[in-house]
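Enquirer: here are the coordinates; sequence isn't available:
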């Protein structure tokens with residue numbers, strides 16, 4: 001019997017009940033990066049109008065300050081893998097924690113608009129790192145029997161981070177008397193909103209010292225004994241089982257094909273067709289306008305006459321709906337499949353976005369939408385976020401991790417993720433100007449993309465539920 005077979009027979013990879021609590025703590029600590037990802041991405045929602053007023057800027061300049069963080073995200077995501085392979089996963093987390101902290105302090109105490117933009121880029125770089133290193137670390141440390149459930153901690157942490165940022169913003173706005181520029185602790189309320197992120201950033205950094213390095217990284221740098229000790233912590237097993245696990249990981253690493261950009265080329269349109277499908281999924285996920293709901297929702301509601309305090313509360317309730325939808329997706333993605341869930345979500349998003357477009361087409365009366373249209377817009381916005389969260393919010397990331405052949409996976413996922421950041425930037429940077437032009441027409445555009453996603457999924461997307469990764473092609 002081979003060492004690998006012995007390991008499997010002995011139950012290697014299935015955490016012993018005595019170790020499970022420790023493994024959950026490790027995964028939760030790593031997922032704090034996801035929490036900061038969500039928190040930093042959406043906390044700016046509470047500061048948009050205050051920044052406009054403080055610096056006297058128009059919609060186009062404001063959009064660039066909000067969207068510029070996404071440039072940092074793209075750079076951070078592109079470089080995190082190499083950094084982690086060179087200095088380790090834990091050190092990478094610690095760098096991200098430091099960058100989150102610097103970004104929070106700098107954003108809370110800007111000298112001018114240009115350095116606020118700079119701190120946004122620094123925070124974006126940390127987001128990009130966290131978006132890559134968290135899932136990778138959890139996958140490498142988690143026992144195979146629990147990998148799926150522990151891996152979902154990252155997405156759950158992101159949506160919780162979004163919700164908590166909106167709750168904090170709402171609480172601080174109330175404390176400042178409903179004025180984003182009201183005084184709190186000697187600063188304007190919006191500055192405190194951005195500065196509060198120091199707390200989870202420092203906690204993330206401290207937790208990184210309490211969790212072990214990835215056994216996979218340790219083996220890659222020749223530290224086999226330490227890797228063996230960590231495998232004993234998270235998986236258990238006797239000496240022979242642990243030796244077999246180390247040998248199994250080492251052998252798998254030797255046989256891996258490191259995909260390159262060249263592997264993606266081919267076909268009639270530069271990339272291979274499967275790569276274009278991945279790019280399409282990423283672009284449609286962003287072009288329905290989901291990040292408008294998280295970056296600009298308080299501004300959106302205020303633009304149609306909602307009181308600032310109420311607008312912040314509605315942003316928080318939207319974030320709660322986002323959590324509910326994510327939980328629904330986590331429950332059903334393996335039961336009914338990725339493709340049906342994406343189609344259900346697309347239909348729901350079309351309905352929600354179309355209703356918003358209809359409601360926003362009415363003229364304001366005394367600075368407010370008519371009552372029927374106002375309530376329709378509010379309910380429709382929650383419907384849109386719910387259907388996005390229970391489908392495209394989770395399904396796209398699941399499919400991007402599964403749909404590519406082994407020899408293309410890493411490089412193709414990198415291209416698709418880059419396309420997602422670029423599409424995110426395009427929507428985030430264009431919304432203020434588009435909404436100034438015609439808010440209803442802007443939502444018509446998002447509705448069209450949601451509708452186009454239906455034939456795209458039907459024609460080009462293949463179901464990956466229940467298939468081994470080796471079957472993808």
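Expert: That came through fine. Just so you know, these numbers come straight off a predicted model, no measurement behind them.
Enquirer: Next, count neighbours for residue 212.
Expert: Using other Cβ atoms under 10 Å, the number of residues around residue 212 comes to 18. Glycine gets a C-beta too; all of them are placed from N, C-alpha and C.
Enquirer: Tell me the secondary structure at it.
Expert: coil (DSSP: H, G, I helix; E, B strand; the rest coil).
Enquirer: Please tell me I have it right and it contacts residue 26.
Expert: Yes. Taking contact to mean Cβ atoms under 8 Å, the distance of 7.2 Å between residue 212 and residue 26 places them in contact.
Enquirer: Mind listing the shared neighbours of those two?
Expert: Taking Cβ atoms under 8 Å, 6 or more residues apart in numbering as the contact criterion, the common neighbours of residue 212 and residue 26 are 141, 234.
Enquirer: Could you list the buried residues of the helix or strand where residue 376 lies?
Expert: In the assignment (DSSP states H and E), residue 376 maps to helix 371-389. Across helix 371-389, burial judged by 16 or more other Cβ atoms under 10 Å covers 373-374, 376-378, 380-389.
Enquirer: tell me what that helix is packed against?
Expert: On a contact count with 3 or more Cβ pairs under 8 Å, 6 or more residues apart in numbering; DSSP states H and E, helix 371-389 meets helix 290-295, helix 308-332, helix 338-360.
Enquirer: What angle do helix 308-332 and the last one make with each other?
Expert: If I follow you right, that is helix 338-360. An angle of 160 degrees separates the directions of helix 338-360 and helix 308-332 when computed by axes from the mean of the first three to the mean of the last three Cα atoms, to 10 degrees.
Enquirer: center of this protein, which residue is that?
Expert: Closest residue to the average C-alpha location of the chain: residue 158 at 5.8 Å, with Cα atoms, centre = their mean.
Enquirer: neighbouring contacts of the helix holding residue 376?
Expert: Outside of helix 371-389, the residues that reach it under the criterion Cβ under 8 Å, 6+ apart are 159, 288, 290, 293, 297, 301, 304-306, 314, 317-318, 321-326, 328-329, 344-345, 347-349, 351-353, 355-356, 358-360, 362, 368-369.
Enquirer: what about residue 238, distance to residue 244?
Expert: Between residue 238 and residue 244 the computed distance is 10 Å (Cβ to Cβ, to the nearest Å).
Enquirer: got any ranges where the chain has weak pLDDT?
Expert: Scanning the chain for pLDDT under 70 picks out 1-18, 145, 147-148, 237, 255-261, 267-269, 406, 410, 466-473.
Enquirer: still on that earlier bit, so for residue 238 and residue 244, which residue has more residues nearby?
Expert: Shown here are residue 238 and residue 244; by other Cβ under 10 Å, residue 244 has more neighbours (22 against 11).
Enquirer: Pull out the buried positions in whatever helix or strand the more buried one lives in.
Expert: Element membership of residue 244 [criterion: DSSP H and E] is helix 239-255. For helix 239-255, burial by neighbour count (16+ other Cβ under 10 Å) applies to 241, 242, 243, 244, 245, 246, 247, 248, 249.
Enquirer: now do stretch 416-430
Expert: Within stretch 416-430, the residues that qualify as buried by neighbour count (16+ other Cβ under 10 Å) are 416-417, 419-425, 427-430.
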